Structures are given as structure tokens and as C-alpha cells.
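**Student:** Dropping the sequence and predicted coords here.
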Amino acid sequence: MMAVLKSTRCFYQLMFMSNFKYLRRCTTTTHRSTIFALSSGLSQSAIAVIRISGPNSLDVIRRMTRIKKDNIIPRKALLCRIVDPKNEEMLDNGLLLWFPQPHSFTGEDSVELHVHGGVAVVTSVINALHKLPGFRLAEAGEFTKRAYLAGKLDATEVEGLADLLRAETETQRRQAIRQATGELAGLYNVWRTQILTCMAHLEAFVDFGEDQDIGDEVLNSLKTSVHNLKTEVDGHLNDNRRGERLRSGVKVAIIGEPNAGKSSLINILGRRNVAIVSPYAGTTRDVLEISLDIGGFPVVICDTAGLRHSVDPVENEGLRRAKEAAATADLVIIVMDASRGPESLWQWPSKDLVRHECERLNLQFNPENNYMVLLNKLDLVSSSATTINFRPDLSAISCKTEKGLAEFLVNLEGKLAQLCANPLEEAPLITSSRQRHHVQLASQHLETFLDIVQHQGDLALAGEYLRRSAKTIRFHNISWQDRHGRNA
Ligand SMILES: Nc1nc2c(ncn2[C@@H]2O[C@H](COP(=O)(O)OP(=O)(O)OP(=O)(O)O)[C@@H](O)[C@H]2O)c(=O)[nH]1
Ligand SMILES: [K+]
Ligand SMILES: [Mg+2]
């Protein structure tokens, strides 16, 4: 009983640190019940999948079908009549799949019923399952929770699975499927194994260093190994948050003077009338956000109030919000009215042009930030006067005629590709602040180890930091039971 209480508490601690809202909703259920849920969508469909997991799963086959015991083949679809266990009324003709433990998603005995996706069919099967002793409806996220508790998935894989369900763009899907299938877990596992090897060597050096002729070279090679590993871990941390950005969306702020065409731009990008466009300067007051898929990258793009001096308190609040949006954005698009010139300005190096425009708009320029300049109203610039020096961070368009839009989108996608991970080519990246926190901690422990060894300190103490580092990385890839020493 105490173990169950402890396990529940620790599970909650883990969930508190992570972001799985749906998992957090799981309550203190024991593992004895057999759970079931509709796993496909709620609306009417050709086929609906009902998933069952738990010790009594076999009862579904015994009491709701006429399949003979000898005919049940694991993981093979069987066409069968599905009946009510109480009155044997036929409910549907469907497919049944049997996954005996431990070879199932949850690690428990599991059954899948593929029935016709009508609302009444699904309801009748769900009602029938309720009639089986020890069966109950699963809570949100409970199948995944059981898989996690059974050590089928580690924390990064659970996160990857949640991300996969949430993925809205192609690149997000690619990143999530890699994480869900254990690539990040695998990387951390390799590091943990390396640290454990270093610990073994250190212990050998401490215990037998003098008697068994294990010389200083062991300690030196140990230092080199830990140093190399730390460099690798730090390289992983130094990812410019590209994995996290891909997971949560790149924040893009559209900034500029009133009437530059900021709202016209967001409407073109969103392909709908998100924001009011008018010839009156100061039309947009609040920050307006929309989520878009641009070239497979998830983007949260916001339109803001035109920056100018104002004495109107409401407009000033809008200006404050616009500046805040710019300060927190991953990318700032500065929109300028090209018809206002002077054209000589467009020849300036991009950084100087951005700095100049920021000063003019009374906007804080941050050299660390990512900026793009967009000259709008190209249709009002006489063709003979278009001396624009196009480059990746300076484009020109007409929101009215859409001239230059395709070129601008190419530039924008290029910028997004720099800001986000490329799951097709890169090693798996950190995708959540929780992972980052643990990897950072692991790196710090490695550094402390190196510090102690460098200053000829206590090797037993140094070893303790290796152990801590391994434990921190272990958080990512070990089943919850192992973490608490019960299944280890
Ligand atoms: N000719 C021309 N007019 C444009 C273009 N883009 C926008 N406009 C016009 O410029 C005016 C201002 O456009 P908005 O999109 O409201 O500009 P804004 O930057 O959002 O303005 P505020 O919200 O007031 O800061 C409107 O009358 C638009 O129709 C363009 O490419 N060519
Ligand atoms: K306007
Ligand atoms: Mg506007």
C-alpha cells in the first residue's frame, strides 16, 4: 500500500514538472481494474477503435465474442460478432485484436475492437463493456500512464507521443515521431552508459590504484573522457532552442509605423480577414495573433499597433504591447512603406537599416534578435525607381497586388528553417524546458567532477558528482519503477 502511495506521489511530481496536462488529470487509480476507451475520434466514422487494457481483458473475447480459445492468435485481426455479455444480443460485426502482456502498448493484456463508427454502435459496445466485472472507462491519458509505469515508455517518449498527437505541421510531426520512438532517450542512454563506465574506472583507480599498478594514465584518460562527454552535452544544450521552438511554434511579430500595411500583411499570410485594414493611421490597437503553417514550420504571427508618438492612453497601451511583442518574438518583421522612401535607405546594410528604423520607431534594437525588413506598397513605387537591393532579410511586396509575395515567403521560410530544428537531418534536440533543466544539471555535475580532479581533491567526492550526473540523465530514460528501485 505504501508503495502504491509513494508511486502515485512520485508520478505526480514528475507530471508537475512536465507539461502533460492530460496525464496530470489521471487520479489515484490502482492497476487492478481493466480500462477501456474509444481511441478514435468522437464523430461518426467508418470505423471506430475501442481499446481495452488490464488483467481481465480476455473476458472481452470470452464473453462478448464466440471466438474459440484455440483460434485466438496474438496480434492477428479476427472477424467476429460482438455481443452484449448479459443478454447476448448482437451489437456489431467487427475485428478483434488480442495483445497478450507484455507485448502491448501498456505492457498489460490488451484487446482492440474495430467496430463500425456509428454513434449508437460505439455507445452500445461501451455500455456492454461496462457490464463486465472489474471493467471501467479509462481516465484521460491512462493508457499512456500505464505504459509509462510499466517501463514501456520513458518520460521523453511520453512527451514525444503527446507532441505527436498535437503536431500540426510536417516538421513538428517529424520531430515528435523521432522523440516518441526513443531517439532522445537513446542519446541520453548512451551518455549515461559512458558516465557509468567512467565511474567504474574511477572506483578501480581509488580501490586498487596503488597495489595493482593502475597508474595515473587511468585518471588522465578518465578526465579526457569526461571532458569530451561534457563538450558533447554542452553542444546539445547549445541548440539555440530550435527543438523547443519547433515544438511550440516560432513567434513572429509584425512591427512598423502606422499605415505601413502590417494588418494587410497578416491578412495575406492568414488568407482571411484577421485584422481591420483602413487608411486611418492607428487602426490596430491590440496585439492580434494567428497560428499558421508556413512551409511546414509552425508559426504564431502577431499584428501590432503602428508605432508613433501618442497622447491617447488607450493607444499608448497598444504601443506598449506592440513593443513587448517585439521584445519577446523569435523574429521581428519590420514593415516599411516603400512609397515613402528615401530609396537610398534600401541600399544600406540590413543591420544598419534595422537599427535606423528601430530608432525612428522608438523601438529598442536588440543585436541578438532576428529581424527582417519588408518594404510594402511596391505598387506605388515607379518601376524605374526600384533600386531595391534584395537579400534574405530584405524583401519588397505589394499587399495590394501580391507582387513579391512568393519571394518574401521563400525568405521567411529560410529564416524559419534557421530558427527551427531540422528533424530530417539533425541529431535529436531538446524539445522542452524540463529536458533542458536536467541536461544542464548533468553538465554542471560533470564540470564539478572535473574541477575536483583538476585540483587534486577527494576522488570519492568527485565520483559522487559522476553518480549525480548519471542519475540526472537517468531521469529521462528509465522506467518510473526503476527510478524508485523496485524493479531494478
Ligand atoms: N497601394 C497600396 N496600399 C496598401 C498596400 N498595403 C496596404 N495598403 C493600404 O494602406 C492602408 C493601411 O493599411 P493597414 O494594413 O491598415 O496598415 P497598418 O500598418 O496595419 O496600419 P495601423 O494598424 O494603423 O498601424 C490601407 O488603406 C491599405 O489598403 C499596398 O501594398 N499597396
Ligand atoms: K491603418
Ligand atoms: Mg493595422
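**Tutor:** Okay, I see it. Residues are numbered from 1 along each chain as shown. Ligands and ions are numbered 1, 2, ... in the order given.
**Student:** Now do the helices in the stretch 201-350 of the chain.
**Tutor:** 216-237, 242-248, 262-270, 313-328, 350-361 (DSSP state H, counting those that start in this stretch).
**Student:** can those go into a markdown table with extra columns for distance to ligand 1 and mean neighbour count?
**Tutor:** C-beta here means a position set from N, CA and C on the backbone, and glycine is covered the same way. A markdown table is the format used below for the helices of the stretch 201-350 of the chain (distance: least, C-beta to the nearest ligand atom, whole Å; neighbours: other C-beta atoms under 10 Å):
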| stretch | distance to ligand 1 | mean neighbour count |
| --- | --- | --- |
| helix 216-237 | 39 | 15 |
| helix 242-248 | 26 | 22 |
| helix 262-270 | 3 | 23 |
| helix 313-328 | 9 | 16 |
| helix 350-361 | 11 | 16 |
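**Student:** what's the closest of these to D70?
**Tutor:** Each of the helices of the stretch 201-350 of the chain has some distance to D70 by C-beta to C-beta; the shortest is helix 242-248, at 47.8 Å.
**Student:** Residues touching that closest one, excluding its own?
**Tutor:** If you take C-beta atoms under 8 Å, 6 or more residues apart in numbering as the criterion, helix 242-248 is touched by 163, 171-172, 175-176, 297-298, 330, 419-421, 423, 428-433, 436.
**Student:** Contact partners for the closest residue to ligand 1 within the chain?
**Tutor:** At 2.5 Å from ligand 1, G306 is the closest residue in the chain, using C-beta to the nearest ligand atom. Residues counted as contacts of G306 (C-beta under 8 Å, 6+ apart) are 256-260, 262, 281-284.
**Student:** Tell me what whichever residue of the stretch 101-250 of the chain sits closest to ligand 2 is bridged to.
**Tutor:** Nearest to ligand 2, among the residues of the stretch 101-250 of the chain, is V250, at 25.6 Å (C-beta to the ion). Judged by DSSP bridges, the bridge partners of V250 are V299.
**Student:** wait, isn't it in contact with F297?
**Tutor:** Yes: applying C-beta atoms under 8 Å as the test, V250 and F297 come out as touching, 6.3 Å apart.
**Student:** Name the residues contacting each of those two.
**Tutor:** Contacts common to V250 and F297, judged by C-beta under 8 Å, 6+ apart, are 416, 420.
**Student:** Which members of the contacts of G306 are positioned in strands?
**Tutor:** Among the contacts of G306, the members found in strands (DSSP state E) are G256.
**Student:** May I see the contacts of G306 arranged in JSON lines, with distance to E413 and pLDDT as well?
**Tutor:** What follows is the contacts of G306, written out as JSON lines (distance: C-beta to C-beta, whole Å; pLDDT from 0 to 100):
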{"residue": "G256", "distance to E413": "21", "pLDDT": "97"}
{"residue": "E257", "distance to E413": "26", "pLDDT": "96"}
{"residue": "P258", "distance to E413": "28", "pLDDT": "97"}
{"residue": "N259", "distance to E413": "27", "pLDDT": "97"}
{"residue": "A260", "distance to E413": "22", "pLDDT": "97"}
{"residue": "K262", "distance to E413": "20", "pLDDT": "97"}
{"residue": "A281", "distance to E413": "31", "pLDDT": "95"}
{"residue": "G282", "distance to E413": "32", "pLDDT": "94"}
{"residue": "T283", "distance to E413": "29", "pLDDT": "96"}
{"residue": "T284", "distance to E413": "25", "pLDDT": "96"}
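**Student:** Also within reach of ligand 2: list those from the contacts of G306.
**Tutor:** 259, 283 (C-beta under 5 Å from the ion).
**Student:** Most neighbours of all the contacts of G306, which one?
**Tutor:** Counting neighbours by other C-beta atoms under 10 Å, K262 comes out on top of the contacts of G306 with 32 neighbours.
**Student:** Not counting sequence-adjacent ones, nearest residue to that residue?
**Tutor:** I254 (4.6 Å; C-beta to C-beta, 6 or more residues apart in numbering).
**Student:** what bridges to the one you found?
**Tutor:** D303, I333.
**Student:** my guess is it contacts A260, does it?
**Tutor:** No: in this structure I254 lies outside contact range of A260 using C-beta under 8 Å: 9.1 Å.
**Student:** Which residues are in contact with each of the two?
**Tutor:** V335.
**Student:** what residues does the chain put near ligand 2?
**Tutor:** So the chain meets ligand 2 at 259, 278, 283 (C-beta under 5 Å from the ion).
**Student:** Below-threshold pLDDT in the chain: ranges please.
**Tutor:** For the chain, the stretches flagged by pLDDT under 70 are 1-31, 209-215, 383-387, 475-488.
**Student:** Now the helices of the stretch 201-350 of the chain in TSV, please, with extra columns for distance to V121.
**Tutor:** Shown next, in TSV, are those (distance: least, C-beta to C-beta, whole Å):
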stretch	distance to V121
helix 216-237	49
helix 242-248	37
helix 262-270	39
helix 313-328	49
helix 350-361	60
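**Student:** And those helices: which comes nearest A470?
**Tutor:** Among those, helix 216-237 comes nearest to A470, with 10.8 Å by C-beta to C-beta.
**Student:** how's this structure carved up into domains?
**Tutor:** With domains defined by automatic domain parsing, the chain comprises 33-138, 176-240+429-483, 250-419.
**Student:** Need these in CSV (columns: distance to A147).
**Tutor:** What follows is those, written out as CSV (distance: least, C-beta to C-beta, whole Å):
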stretch, distance to A147
domain 33-138, 5
domain 176-240+429-483, 10
domain 250-419, 27
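**Student:** Report the closest residue of the stretch 351-488 of the chain relative to ligand 3.
**Tutor:** Nearest residue of the stretch 351-488 of the chain to ligand 3 (C-beta to the ion) works out as C399 at 11.2 Å.
**Student:** so who does that residue touch?
**Tutor:** Counting by C-beta under 8 Å, 6+ apart, C399 has contacts 261, 264-265, 267-268, 376-377.
**Student:** Report the two of the residues you listed separated the most.
**Tutor:** Using C-beta to C-beta, those span at most 14.7 Å, a distance reached by N267 and K377.
**Student:** which element is R434 on?
**Tutor:** Counting by DSSP states H and E, the element that carries R434 is helix 433-454.
**Student:** how deep is V83 tucked in, by neighbour count?
**Tutor:** Count around V83 with other C-beta under 10 Å applied: 18.
**Student:** From T123, how far off is it?
**Tutor:** Remark: distance between V83 and T123 (C-beta to C-beta, to the nearest Å) = 15 Å.
**Student:** Ok, T401 next?
**Tutor:** T401 sits 54 Å away from T123, going by C-beta to C-beta.
**Student:** Sounds good, over and out.
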